[in-house]
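**Q** 3D model of this:
(one chain, ligands or ions: 1)
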Amino acid sequence: MTTPLRVAVLASGCGSNLAALIQARDVGNLPVKYVLVSSDRPAAEALRIAKAAQVPTLALSPKAYPDRRSYDLELLNHVAASGAEVLVLAGFMRILDGAALRPWVGRAINIHPSLLPKYRGLHTHRRALEAGDNKHGASVHFVTAELDGGPVIAQAHLEIRSDDNEKTLGERLLPLEHRLLPAVVSLMAARRLNLMKAGVALDGICLKRPLSLKEDYQLKR
Ligand code: GAR
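**A** Now for the predicted structure:
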């Protein structure tokens, strides 16, 4: 049996993706140990969810720091001190400084509610609707200093309906996010994913395109 992967999570908001990660571990689908949940918003629901699950928490407000880099260095020092091997950004709404992030490249992943490279940044559901897209989705990618710009590992796809609006689209996508993120963390826990010069590799073989979340919630090439 492999040792559980030590995972730290950063989250700014409701924490539903964090809750899905914790649940996946609790039902035995994810051999991980959550060593820290940190938030830039002390009132974030994510911190409450972590505390309820007896995961160590850290609320670190950027207000006390002179600039982004000093905050990010401090935050990622705490993450390193937690013993985390992997860092998961689950609704963390800040860009991380490149220098602070350097030790984590290849070990940090982020979930984003669009089919990257489409719609980096905010309001992704609205932008997909405004563009007249008929497909939407979510992506998990390795984090780099570029906003939502790192190599994409896996995606969940969703048909856009003619009666969808920003709210319904977001609500229909979120449950897929809750499957996608634990599925990717599971590959990391099995030590099957790597970031190589040529891109994302699964079992040592570079992906030609992101893995896709299928109806059985398995990731397929
Ligand atoms: C999720 O939809 C996640 O994909 C998105 O924030 C939401 C957090 O929800 N992340 C981003 O937009 C990052 N660029 P949650 O707090 O309920 O997990």
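
**Q** Pull up the residues of the chain that are close to the ligand.
**A** Selection of the chain residues close to the ligand by CB under 6 Å from any ligand atom yields 11, 13-17, 90-91, 111-113, 138, 148, 177. Where you see a C-beta, it was placed from the backbone N, CA and C, and this is true even at glycine.

**Q** In strands, which of those residues fall?
**A** Among the residues of the chain next to the ligand, DSSP state E puts 111-112, 138 in strands.

**Q** quick one, helices of this protein?
**A** Under the criterion DSSP state H, the chain contains helices at 16-26, 45-52, 68-81, 98-101, 124-130, 166-189.

**Q** between these, which one is nearest to residue 215?
**A** Closest approach to residue 215 among the helices of the chain (CB to CB): helix 166-189, 10.3 Å.

**Q** Go through the closest one and flag the buried ones.
**A** Of the residues in helix 166-189, 169-170, 172-173, 176-189 count as buried by neighbour count, 16 or more other CB atoms under 10 Å.

**Q** for whichever residue of the chain sits closest to the ligand, what are its contacts?
**A** With CB to the nearest ligand atom, the shortest gap between the chain and the ligand falls at residue 91, namely 2.7 Å. Residue 91 makes contact with 11-18, 46, 111 under the criterion CB atoms under 8 Å, 6 or more residues apart in numbering.

**Q** do that again at 6 Å, thanks
**A** Neighbour list for residue 91: 11-13, 17 [criterion: CB atoms under 6 Å, 6 or more residues apart in numbering].

**Q** pLDDT score for it?
**A** Residue 91 carries a pLDDT value of 97.

**Q** ok so, going back, between the helices of the chain, which one is closest to residue 156.
**A** helix 166-189 (4.0 Å).
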